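In: I need the structure of the sequence given here:
(one chain, ligands or ions: 2)
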Amino acid sequence: MLPGWLTPAQQTWLVGQFRIWAAGPVPIRAASVHGHRMSVQSVCLGWHWQPYRYSRHADDVNGAAVLPLPDWLVRLGRRALHETGHPAEHVARYTPDAALVNFYDIGAHLGMHQDHDEVCRAPVMSLSIGDACTFRFGNTATRTKPYTDLLLRSGDLFVFGGESRLAYHGVPRIHLDTAPAGCGLTVGRVSITLRMTGLTDSPEKPAPR
Ligand SMILES: O=C(O)CCC(=O)C(=O)O
Ligand SMILES: [Fe+2]
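Out: Numbering: from 1, shown residues only. Ligands and ions are numbered 1, 2, ... in the order given. Just a heads-up that it's a prediction; the model follows:
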């Protein structure tokens, strides 16, 4: 975890990008898991995530193609890996191809889960902007204790990989009125989570005759 990794100017700029991504072509939405609407809203880049798979089109929203993952996010991801002490050869190979960008309104939360829809086990990283949250980081065996509750504030970077890559984690709560002035958000929290899926596009199926 690197507190205050993003400058206020970077945070504001990222919130501006978030607003553009959220407008579409696949608009931001709350996904449904087993028929229950999540309280977190999300929009994707690179690959569209719907519980529990990735696709290039948002079949569960409007069928539109997902926006590409911008190169600057790949570079930001590599710099994050470098600055969290990962070896140079891992940094060079790190090519995130999906971002799940989440918006937590006050009252939103994210249950304990593993990020295991990726084929690749390269680290996942989360960037926080806006209101602070309690981020619960647990163990790889169960969604219950032992876990550690961290406070992630606007600008913080959190990276999990290696032995922790499949650790259960979640966001039990957002802390009201904690977004710093000048971060670009007055209410709620945006998290940008970068992943390297290891997925490739499958060849087009021949049209049925
Ligand atoms: O909001 C966060 O920092 C984490 C989100 C998360 O765990 C996910 O998108 O899989
Ligand atoms: Fe996650």
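In: distance between the one helix or strand in the chain whose mean pLDDT sits lowest and the chain's centre?
Out: Across the helices and strands of the chain, mean pLDDT, DSSP states H and E gives its lowest value to strand 32-33, namely a mean of 92. The chain centre lies 17 Å from the centre of strand 32-33; the measure is C-alpha atoms, centre = their mean, to the nearest Å.
In: the protein against ligand 1: which residues are in contact?
Out: Residues of the chain lying near ligand 1 by C-beta under 6 Å from any ligand atom: 100, 102, 110, 115, 126, 135, 169, 171, 191, 193. Using the backbone N, CA and C atoms, a C-beta is placed for each residue, glycine as well.
In: and the residues you listed as TSV, adding secondary structure, neighbour count and pLDDT?
Out: Below are the residues of the chain next to ligand 1 laid out as TSV (DSSP: H, G, I helix; E, B strand; the rest coil; neighbours: other C-beta atoms under 10 Å; pLDDT from 0 to 100):
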residue	secondary structure	neighbour count	pLDDT
Leu100	strand	23	98
Asn102	strand	22	98
Leu110	strand	20	97
Asp115	coil	17	97
Ser126	strand	21	98
Phe135	strand	23	98
His169	strand	25	98
Val171	strand	23	98
Ser191	strand	25	98
Thr193	strand	20	98
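In: and the two most separated of the residues you listed?
Out: Leu100 and Phe135 (14.9 Å; C-beta to C-beta).
In: and for Glu163, the neighbour number?
Out: Neighbour count for Glu163, taken as other C-beta atoms under 10 Å: 8.
In: now do the SS call for Leu76.
Out: helix (DSSP: H, G, I helix; E, B strand; the rest coil).
In: that one: what's it in contact with?
Out: Leu194 (C-beta atoms under 8 Å, 6 or more residues apart in numbering).
In: residues touching His82, list them.
Out: 88, 91.
In: check which helix or strand covers it.
Out: Using DSSP states H and E, His82 falls within helix 71-83.
In: any idea how far whichever helix or strand comes after that helix is from the chain center?
Out: The C-terminal neighbour of helix 71-83 among helices and strands, as given by DSSP H and E, is helix 88-93. Using C-alpha atoms, centre = their mean, the distance from the centre of helix 88-93 to the centre of the chain it belongs to is 21 Å.
In: and helix 88-93, what does it pack onto?
Out: In terms of contact count using 3 or more C-beta pairs under 8 Å, 6 or more residues apart in numbering; DSSP states H and E, helix 88-93 is assigned the packing partners helix 71-83.
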